[in-house]
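*Asks:* got a predicted model here, sequence first, then my questions.
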Amino acid sequence: MRRHNVTLSEPVSEVVQTQVKLGRYKDFSAALQDAAWNFFVGTPSPFEEYELTPQEVECAAKRDLAEIRKARQGRKLKPWNPGR
């Protein structure tokens, strides 16, 4: 890892310090690293963690919803009763 000296405006510095104090980041450097990464590279896709494409997720969701719809039409689902 390389060291860099940067100068931040007071409002930006205060925002970063607030995030560190709230515990979102371990230190000032981690907060700036995350901010720079998300700004220049972009946030990671939630599908990457599971090695899926958005199309695969949509296809599975459509299939599951079709199964639920079919079960509802066939009256195979019991009504949900939160009191029991």
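*Replies:* Sure, I can see it. Numbering: from 1, shown residues only.
*Asks:* show the average pLDDT along whichever helix in the chain runs longest.
*Replies:* Using DSSP state H, we find that the single longest helix of the chain is helix 54-73. Across helix 54-73, pLDDT averages out at 90.
*Asks:* and that helix, how far from the chain's centre?
*Replies:* 23 Å (Cα atoms, centre = their mean, to the nearest Å).
*Asks:* per-domain residue ranges of this structure.
*Replies:* 1-43, 45-77 (automatic domain parsing).
*Asks:* with mean neighbour count added, can I get these in a markdown table?
*Replies:* C-beta here means a position set from N, CA and C on the backbone, and glycine is covered the same way. Shown next, in a markdown table, are those (neighbours: other Cβ atoms under 10 Å):
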| stretch | mean neighbour count |
| --- | --- |
| domain 1-43 | 11 |
| domain 45-77 | 10 |
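*Asks:* would you list those domains in a markdown table and tack on distance to G83?
*Replies:* As requested, these are arranged in a markdown table below (distance: least, Cβ to Cβ, whole Å):
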| stretch | distance to G83 |
| --- | --- |
| domain 1-43 | 39 |
| domain 45-77 | 18 |
